[in-house]
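>>> With the sequence up front, the predicted model follows.
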Amino acid sequence: TVNLLYGVPPGETSIASLAGGGTLSIEMELLSRLTGDVRFGRAGRLATRALWARRSSDFDLLGKHVDVQHGKWVESLSGIGSNSDSFYEYLIKHHVLFPDDSDHFDSWTMLLSSYNGVFHENRLGDWYGDVEMFGGRHRGIRQVFESLMAFWPGMQVLLGELTPAARSTNAFSLVRELLGLLPERFDFSHWRVDGGGGVSPLRPELLESIYFLHMASSGINVGSTVTTLDSNASRSTGWLW
C-alpha cells in the first residue's frame, strides 16, 4: 500500500501479489493525463515492466508474490487465478486504452510472452491450472479452477482467440450450471468443489467474458457447419489449439 501524499505507511509489508503490484498502469496513467503529472503513469508502467522482467526465462511464467524491495519471488506458483489475474488483464486493456504510450512500455509484447507461457504450461484442454514458474507443467499441475480465472476468455476475445474463448467459457459455465453459482474454487479433475472453496462472492468475471464473446460473435452463423467456426478461428493470434 502506498499513500499518494505521504508514501508507504509505517509497518507496511514489502510483499506484493503479481496482481496487486502489476495492476496499476491504467489508473495511474489516467491520473497522469488528468493532472498533467507524468510521474504517476510512469511509476505504474515501471512496476508492471519490473515484474514482467522477472518472469522465468525458460517458461515465460510469473509467480504470485514478490518482495518489491529485493525483486525476489516469495511464491513461485504460477497461474491466471488468485493473486495473478488482473496482471494479464491490464496488459491487454492498457494496450487498447493507451496505444500511444511512450516510455518504451510495450504492453503488447509483454502480453504475448506471458500468454505464450500460460498456453504451453498452464493449459489443460479448456481449463487452466497452477504450475511452478521455474519448472512448468513437468513438476505437476494443480487442477483447480478458481472463479477469478473466468476473466481469461474475455481477454482471449480481445486477442482475437474466439474459438478457445468459447470453449473455456462453456467449460466454466458448466460449473455454474451444476452448482447454481460459480464457487470460489472447483476441482475439475474430480469434478467437485475444492476444500473450503464453496463460497460464491458473486464475481463478475464470467459474465464479462460471456458479454465479450457475445459481442464478438454477433452475426457469426454457428448453426450451419463446423467450417464456419474454423474459418473464424483462423483469425487467431497464432496459437494452435
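Okay, I see it. These numbers were taken from a predicted model, which means no experiment stands behind them. Numbering: from 1, shown residues only.
>>> shaky segments in this structure?
Flagging of the chain using pLDDT under 70 yields the residue ranges 102-104, 219-241.
>>> Okay, strands next: where are they in it?
15-17, 65-67, 72-75, 77-78, 123-124, 127-128, 131-132, 144-146, 185-187, 192-193 (DSSP state E).
>>> neighbours of residue 15, just the number please.
By the criterion of other Cβ atoms under 10 Å, residue 15 has 14 neighbours. All C-beta atoms are positioned from the backbone trio N, CA, C, and that covers glycine.
>>> same question, residue 158
Neighbourhood size, residue 158 [other Cβ under 10 Å]: 16.
>>> In this structure it contacts residue 94, no?
No - if you go by Cβ atoms under 8 Å, residue 158 and residue 94 don't touch, sitting 11.4 Å apart.
>>> re earlier: go through the strands of the chain and name the closest to residue 26.
Closest to residue 26 of the strands of the chain, according to Cβ to Cβ: strand 15-17, at 16.9 Å.
>>> Mind giving me the packing neighbours of the helix ranked longest in the chain?
Criterion DSSP state H: the longest helix present in the chain is helix 162-179. Using 3 or more Cβ pairs under 8 Å, 6 or more residues apart in numbering; DSSP states H and E, the elements in contact with helix 162-179 are strand 127-128, helix 152-159, helix 205-217, helix 226-233.
>>> Dump that helix to CSV, restricted to CA.
Taking C-alpha atoms only, helix 162-179 is exported to CSV below (Å, rounded to 0.1, in the frame of the first residue of the first chain):
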residue,chain,number,x,y,z
LEU,A,162,-12.7,-16.6,-30.3
THR,A,163,-12.7,-20.4,-30.5
PRO,A,164,-10.7,-21.1,-27.4
ALA,A,165,-12.5,-18.3,-25.6
ALA,A,166,-15.8,-20.0,-26.4
ARG,A,167,-14.6,-23.4,-25.3
SER,A,168,-13.3,-22.2,-21.9
THR,A,169,-16.4,-20.1,-21.4
ASN,A,170,-18.6,-23.2,-21.9
ALA,A,171,-16.4,-25.2,-19.6
PHE,A,172,-16.6,-22.6,-16.8
SER,A,173,-20.3,-22.2,-17.3
LEU,A,174,-20.8,-25.9,-16.8
VAL,A,175,-19.7,-25.5,-13.2
ARG,A,176,-22.1,-22.7,-12.7
GLU,A,177,-24.9,-24.7,-14.2
LEU,A,178,-24.0,-27.7,-12.0
LEU,A,179,-24.0,-25.7,-8.7
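>>> Residue 31: how many residues sit nearby?
Counted with other Cβ under 10 Å, residue 31 comes out at 17.
>>> If we ignore the residues flanking it in sequence, what's nearest it?
Residue nearest to residue 31 in three dimensions, not counting chain neighbours: residue 40, with 4.4 Å by Cβ to Cβ, 6 or more residues apart in numbering.
>>> which residues touch the one you found?
By Cβ atoms under 8 Å, 6 or more residues apart in numbering, the contact set of residue 40 is 4, 28, 29, 31, 32.
>>> Quick check: the third one touching residue 101?
Yes - Residue 29 is in contact with residue 101 according to Cβ under 8 Å; the separation is 7.1 Å.
>>> Comparing the two, which residue is more hemmed in?
More crowded of residue 29 and residue 101, by other Cβ under 10 Å: residue 29, with 22 against 16.
>>> Roughly how far does the residue nearest to that one when sequence neighbours are not counted sit from residue 101?
Once flanking residues are discounted, residue 29 sits nearest to residue 41: 3.7 Å by Cβ to Cβ, 6+ apart. Distance check for residue 41 against residue 101: by Cβ to Cβ, to the nearest Å, it reads 8 Å.
>>> next one: residue 15
Taking Cβ to Cβ, one finds residue 15 at 28 Å from residue 101.
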